[in-house]
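Participant: sequence plus predicted model, see below.
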Amino acid sequence: MDIKAESGSSALEKERARLQEQTTALNEALMLSSVRQHELTQAAERLNEKLKAEMAKREQVESAHAMLAAIVESSDDAIFSKDFEGIINSWNRGAERLFGYTAEEAIGQPGGMLIPAERADEESDILERVRRGERVENYETLRRRKDGESRNVSLTVSPITDASGRIVGASKIVRDVTLRIRAEEALRRTETRYRSLFESIDEGFCVLEKVEGEAGEPLDFLHVEANPAVEKHSGMAGVLGKTMRQISPRVSEDWYETFADVLATGEPLRFERPGAVDGHQLELFAFRVEDGSNRRVAVIFKDITERRRAESKLSKAMVAAEQANLAKSDFLSSMSHELRTPLNAILGFAQLIEAGSPSPTPAQTRSIDQILKAGWYLLELINEILDLSAVESGRLMLAKESVPLAEVMVECRAIVETQAQKRGIGVTFHGFEVPWHVKGDRIRIKQVLVNLLSNAIKYNQSEGKVSVEYALISPDSIRIDVRDTGGGLTPEQLGQLFQPFNRLGQEAGAEGGTGTGLVVTKRLVELMGGTIGAKSTVGVGSVFWIQLSLAAAPPPVVHEAAHAAPARPLLPDGTPLRTLLHVEDNPANLELVEQLIARRPELRLLSAADASLGIEYARAHQPEVILMDLNLPGISGIEALKILRADPSTAGIPVVALSANAMSGDIERALKAGFLDYITKPIKIEQFMGALDAALAFSITASGQAAQKRQAP
C-alpha cells in the first residue's frame, strides 16, 4: 500500500512538475508572443506613419505640380515642351495667345511650324546644345504666328530629364518682345536723329553737368557734351571734359548763378551774355535735362555779335531816317503854311469880290473866275503833295467804320456833277439803291472815288460817258467799277500806273496835275484793307476798280438839333451885337476876315495882332467866339488856348483854329488841345460861315448851361 502510495505520489510529482514546466513554457511562450505582438504593433505604426508621410509628401508634390501647372497655364509668356524630334508635347494659353494655335492644334505637331524658313538652322543648334545639358537663355530671334505674322521673341530653353536623369526633351519659355524691339529701334532712330541734329545744327549745343567741389570751392560746370559749332560760336576749342572755370576763368559769376537757377527751378531761360571772347555777344537758351539727376543743363547758343552790330546800324539809320522824315514833315508843313497864307488872301478876296455888291461886270467875272480857278488848282496841288507825304510816312490815321455806299455815291455825284456838265460828260450810277455798307474811312473812301471819277471825266472824249457800277465778289466783299469812254491806255502805260509823279505822257496835255493822285488813292485803298486795279483798251476806254470789305449796317443814329448850325434869321433892330475875337498877325488875313464879318450885322469883330493882346481882349470883352491863328509871334495859338482855359473867366469861350497848317498831324494836335473846330486856309466862305455859326450855337448852349448851374441851389 505504502509502496503503491509512494509510487503514486512520485508519479504525481512528476506530472505536476511536467505540468509546471509546460505552464512555465506556456507562460514564456505567451510572454514572447506578447513582446512580438508589441513589436509588430510598433512596426505597423511606424509603417503607417511612413505611409502617411509619403502620402503627405505626394500630396505636396501634386499640389506643387498643380500650382506649377497653374502658373504655367496663366503665364503671359508662351511655355511649351518638345522632344528631340521637334514634336510639341505641351502648350499653355500664353502660347495660344502668342502664336494663334490652340493646344489641340499644336500638341503632336512639329515645332518647325513656328520657325521662319530663313531661321530653320538655329532650332537644330539650340536642341543640340540642350541635348548636351546646356541651358539657352534670352536668345532673341523671330518666330511665326499662325496668321503668318513674324514676331520678335526672346527664348529660354532648358533640358527635360526623366526619373533616371536622362535628358529626353526641351522646355521653352517664349516672350514676345516685339514692342520692346520696336521701342528700342525707335529710340535708336531718335538717338541717331538727335546725334545728327546735335552735330549738324549751326548753333552751339552743349550739355553741362554741375560739379560738386569741396566745401568753400566755387560752383562749376563740366562740359559732358559739345557739338562742333560750340567752337565756332564761343571761340573756344576742346571744351569737352573740361569745366567752365578751366576754359574761361574770366566769365562772370552770373553765368554760374543762371545755370544753377535753371537746375533748381526747372524753368527754361532765354538770355544774352557777353562771351568769353572780348567784344562778342551770345544769345543763349538753357533748360534742365530731365534725367532724374537735376544736375545737367543743356545750352543752345549762337554768336549774335554781327546781328547786334547790324541792328545798331539799322537803329541809327532808322533814327536818321526818322529825323529826315520829321525834317521833311516840318518842311512840308512850313511850305504849306507859306503857300496857303498868300493863297488865303488871293482866294478870299476873290470870293468877296465875286459875291460882293454891286455884282462884278462880265469882264470882271471872267477875271475872277480865272483867279479862283488858278488858286484852287494851286491849292489842290499843295493838298496832293501833302497827302502823298502823309501816306508815304505812315502817319495817316484812318477811321474804321461802317460806311453806307449809297450816301457816299450821292456826295460824290454832287462833287463831280459840275465838272462833268462843263465837259459834256454823262455820269451814271447803277445799282447803288441797295443799302450796301463797306469797312473804311468815309472821308477817304469819298476821296478815292472822287479821284477816280475826276480822272474819268478829265481824260474822257467829248460827250463821253462815265458809269459807276458794283459787283459782289464774295459774300464779304464788293467791287466798284468806274468805267469811262476815253482814249484808253496801252499795256505799257498800265504797267506804269500808281507811280509817283508819272502822268503817263499827259505832261503836255491840256489837263494839269502832279501825277500823285492815283498813288495816294492806291495807298488809301490798301490802308483800308482793299485792293485797286485797272484794265484798258486803246480807243475804247478804261475801267478803274476798287474792292472793299462789306460791313454790317450800323444802328440808326438820331442827331440832336443842337448839333446842326442854325439858320441865320433876320435880326430885329436893337438886337445886342455878339462879339467875335480874331487873333491873327497877317494884315491881309485880318482884312479878309473883317470884310467877311462885315456882312454879318449881328456880329462885332475885335482883332488882335498877337496872342498876348488877344488874351487881354478875351478877358476884357468876353467874346462869344474866338478865331485863333496857330503860328503867332511870341505865344503860339496852342499856348494861348492853354492860358485861356486856365483862366475861369475865359475857360468856357469856344475857340476855333484858323490856320494855314494843313498837315493832318497839326489838325489832330490842335483838336486834342481843345479847339472846337479847325479851319484851314485858304478860306472857303461857305465853310467858314458854317463853322462860325456852329461855334456861335455852341456858345449859346454853353452859356445857358452855365447860367442854370449858377441858379441851382
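Facilitator: Right, received. Where do you want to start? Numbers count the residues shown, from 1 in each chain.
Participant: who's in contact with T102?
Facilitator: For T102, the contact set (Cβ atoms under 8 Å, 6 or more residues apart in numbering) comprises E96. For every residue, glycine as well, the C-beta is placed using N, CA and C.
Participant: for it, grab phi and psi.
Facilitator: Torsion angles at T102 (phi, psi; degrees, to the nearest 10) stand at phi -80, psi 170.
Participant: now swap in L284 and tell me
Facilitator: Dihedral angles of L284 (phi, psi; degrees, to the nearest 10) stand at phi -130, psi 150.
Participant: once you drop chain neighbours, what's closest to it?
Facilitator: F301 (4.1 Å; Cβ to Cβ, 6 or more residues apart in numbering).
Participant: who are the contact partners of the one you found?
Facilitator: Contacts for F301 (Cβ under 8 Å, 6+ apart) come out as E203, G204, H233, S234, L282, E283, L284, F285.
Participant: hmm, 7 Å instead?
Facilitator: Counting by Cβ atoms under 7 Å, 6 or more residues apart in numbering, F301 makes contact with E203, G204, H233, L282, E283, L284.
Participant: sitting in strands, which of the residues you listed do you find?
Facilitator: G204, L282, E283, L284 (DSSP state E).
Participant: follow-up on the earlier one: what about the residue nearest to L284, distance to Q351?
Facilitator: Distance, F301 to Q351, using Cβ to Cβ, to the nearest Å: 72 Å.
Participant: excluding sequence neighbours, find me the nearest residue to the residue nearest the centre of the chain.
Facilitator: For the chain, the residue nearest the mean C-alpha position is R270 (19.0 Å; Cα atoms, centre = their mean). Closest residue in space to R270, ignoring its immediate chain neighbours: F285 at 4.9 Å, by Cβ to Cβ, 6+ apart.
Participant: check which helices and strands the longest strand belonging to the chain is in contact with.
Facilitator: In the chain, with assignment by DSSP E, the single longest strand is strand 150-161. When contacts are defined as 3 or more Cβ pairs under 7 Å, 6 or more residues apart in numbering; DSSP states H and E, strand 150-161 sits against helix 120-131, strand 136-144, strand 167-176, helix 178-200.
Participant: secondary structure class for L627?
Facilitator: What DSSP: H, G, I helix; E, B strand; the rest coil gives for L627 is strand.
Participant: is it in contact with L658, as I believe?
Facilitator: Yes: if you go by Cβ atoms under 7 Å, L627 and L658 touch, sitting 4.8 Å apart.
Participant: picking that back up, which one of the helices and strands packed on strand 150-161 is the most hemmed in?
Facilitator: Of all those, strand 167-176 has the most neighbours on average by mean count of other Cβ atoms under 10 Å, namely a mean of 20.
Participant: CA atoms of that strand as PDB?
Facilitator: Output of strand 167-176 as PDB, limited to C-alpha atoms (Å, rounded to 0.1, in the frame of the first residue of the first chain):
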ATOM      1  CA  ILE A 167      17.700  64.200 -71.000                       C
ATOM      2  CA  VAL A 168      14.600  63.400 -73.000                       C
ATOM      3  CA  GLY A 169      13.500  66.800 -74.400                       C
ATOM      4  CA  ALA A 170      13.400  70.600 -74.000                       C
ATOM      5  CA  SER A 171      11.100  73.100 -72.300                       C
ATOM      6  CA  LYS A 172      10.800  76.600 -73.900                       C
ATOM      7  CA  ILE A 173       9.700  79.900 -72.400                       C
ATOM      8  CA  VAL A 174       9.000  82.300 -75.300                       C
ATOM      9  CA  ARG A 175       8.400  86.000 -74.500                       C
ATOM     10  CA  ASP A 176       7.000  88.400 -77.100                       C
END
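Participant: what number of residues lie near E594?
Facilitator: 12 (other Cβ atoms under 10 Å).
Participant: for V450, report the pLDDT, please.
Facilitator: pLDDT, V450: 87.
Participant: picking up where we left off before, beta partners for the residue nearest to R270?
Facilitator: Beta-bridge partners for F285, by DSSP bridges, are R270, I300.
Participant: quick one: low-confidence residue ranges for the stretch 151-300 of the chain.
Facilitator: Within the stretch 151-300 of the chain, the segments meeting pLDDT under 70 span 213, 215-216, 276-279.
Participant: contact partners for the closest residue to D83 other than its chain neighbours?
Facilitator: Spatially, and ignoring its direct neighbours in sequence, D83 is nearest to G169 (4.4 Å; Cβ to Cβ, 6+ apart). Residues counted as contacts of G169 (Cβ under 7 Å, 6+ apart) are S81, K82, D83, F84, N89, I160.
Participant: repeat that for 6 Å
Facilitator: S81, D83, I160 (Cβ atoms under 6 Å, 6 or more residues apart in numbering).
Participant: any chance of these in CSV, plus neighbour count and distance to R144?
Facilitator: Shown next, in CSV, are the contacts of G169 (neighbours: other Cβ atoms under 10 Å; distance: Cβ to Cβ, whole Å):
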residue, neighbour count, distance to R144
S81, 20, 19
D83, 14, 21
I160, 17, 24
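Participant: now render the residues you listed as CSV, adding distance to A226.
Facilitator: Conversion of the contacts of G169 to CSV gives the following (distance: Cβ to Cβ, whole Å):
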residue, distance to A226
S81, 55
D83, 59
I160, 56
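Participant: list just the nearest of those to I679.
Facilitator: I679 lies nearest to S81 out of the contacts of G169, by Cβ to Cβ, at 109.6 Å.
Participant: residues contacting the closest one?
Facilitator: So S81 contacts N89, S90, G169, S171 (Cβ under 6 Å, 6+ apart).
Participant: following the host helix or strand of it, which helix or strand comes up?
Facilitator: For S81, the host element (DSSP states H and E) is strand 78-83. Remark: after strand 78-83, the chain's next helix or strand is strand 88-91, criterion DSSP H and E.
Participant: packing partners for the host helix or strand of G94?
Facilitator: Using DSSP H and E, G94 falls within helix 93-99. Helices and strands touching helix 93-99, by 3 or more Cβ pairs under 6 Å, 6 or more residues apart in numbering; DSSP states H and E, are strand 78-83.
Participant: export the strand it packs on to PDB, keeping only CA atoms.
Facilitator: Below are the C-alpha coordinates for strand 78-83, written out as PDB (Å, rounded to 0.1, in the frame of the first residue of the first chain):
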ATOM      1  CA  ALA A  78       4.400  81.100 -74.100                       C
ATOM      2  CA  ILE A  79       5.600  77.900 -72.400                       C
ATOM      3  CA  PHE A  80       5.700  74.600 -74.100                       C
ATOM      4  CA  SER A  81       7.800  71.500 -74.400                       C
ATOM      5  CA  LYS A  82       9.100  69.300 -77.300                       C
ATOM      6  CA  ASP A  83      11.100  66.200 -77.700                       C
END
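Participant: strands along the stretch 401-550 of the chain, start to end?
Facilitator: 401-404, 426-429, 437-440, 465-474, 477-484, 531-537, 541-549 (DSSP state E, counting those that start in this stretch).
Participant: those into JSON lines, with extra columns for mean neighbour count?
Facilitator: Converted to JSON lines, the strands of the stretch 401-550 of the chain look like this (neighbours: other Cβ atoms under 10 Å):
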{"stretch": "strand 401-404", "mean neighbour count": "17"}
{"stretch": "strand 426-429", "mean neighbour count": "16"}
{"stretch": "strand 437-440", "mean neighbour count": "22"}
{"stretch": "strand 465-474", "mean neighbour count": "16"}
{"stretch": "strand 477-484", "mean neighbour count": "21"}
{"stretch": "strand 531-537", "mean neighbour count": "16"}
{"stretch": "strand 541-549", "mean neighbour count": "21"}
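Participant: closest to I115 out of these?
Facilitator: Closest to I115 of the strands of the stretch 401-550 of the chain is strand 465-474 (Cβ to Cβ; 66.7 Å).
Participant: show residues contacting the closest one.
Facilitator: 425-431, 456, 478-485.
Participant: what's the distance between that strand and the middle of its chain?
Facilitator: Relative to the centre of its chain, strand 465-474 is centred 37 Å away, using Cα atoms, centre = their mean, to the nearest Å.
Participant: parallel or antiparallel, list what pairs with it.
Facilitator: strand 426-429 (parallel), strand 477-484 (antiparallel).
Participant: what would these look like in a markdown table with mean pLDDT?
Facilitator: Converted to a markdown table, the strands paired with strand 465-474 look like this (pLDDT from 0 to 100):
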| stretch | mean pLDDT |
| --- | --- |
| strand 426-429 | 90 |
| strand 477-484 | 92 |
